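Novice: next input, structure requested:
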Amino acid sequence: MCRNIKPLFNFEPATTPDEIEASALQYVRKVSGMTKPSEANREVFDRAIEEIAAATTALLDALVTKSPPRDRDAEKQKAIERGRKRDEQTRRRLLADAQ
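Specialist: Next up, the predicted model:
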């Protein structure tokens, strides 16, 4: 999965339409292999983003959970820590390969 697409379910405050659209954009970019479509593909690219955002909104509205809402700041800190660990592992691996 693309690292830029973040979980959107069960947050307080609730996920915004902008966050949903940003995730839809990242998905379409990943699947199409294009960061900026040509004029010939602009309409289908934009339509795909709209459709995926609508489907995501419907999904999030329909999901239920008994878990308490997640805290955005706590989730952000967890992601930062995962990134640090990943970078550290990569550095160790590169140093070991260089020796």
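Novice: C-alpha from now on. contacts and neighbour counts both.
Specialist: Will do.
Novice: what bits of this protein have low per-residue confidence?
Specialist: Low-confidence segments of the chain, defined by pLDDT under 70: 1-4.
Novice: try 50 this time
Specialist: For the chain, applying pLDDT under 50 flags the ranges 1.
Novice: the nearest residue to Ile5 once chain neighbours are set aside sits in which helix or strand?
Specialist: With sequence-adjacent residues excluded and distances taken as CA to CA, 6 or more residues apart in numbering, Ile5 is closest to Ser23, at 5.3 Å. In this structure, Ser23 sits in helix 17-32 according to DSSP states H and E.
Novice: from the contact counts, what lies against that helix?
Specialist: Here helix 17-32 touches helix 39-62, going by 3 or more CA pairs under 8 Å, 6 or more residues apart in numbering; DSSP states H and E.
Novice: show which residues not belonging to the helix it packs on make contact with it.
Specialist: Leu8, Phe9, Ile20, Glu21, Ser23, Ala24, Leu25, Val28, Pro37 (CA atoms under 8 Å, 6 or more residues apart in numbering).
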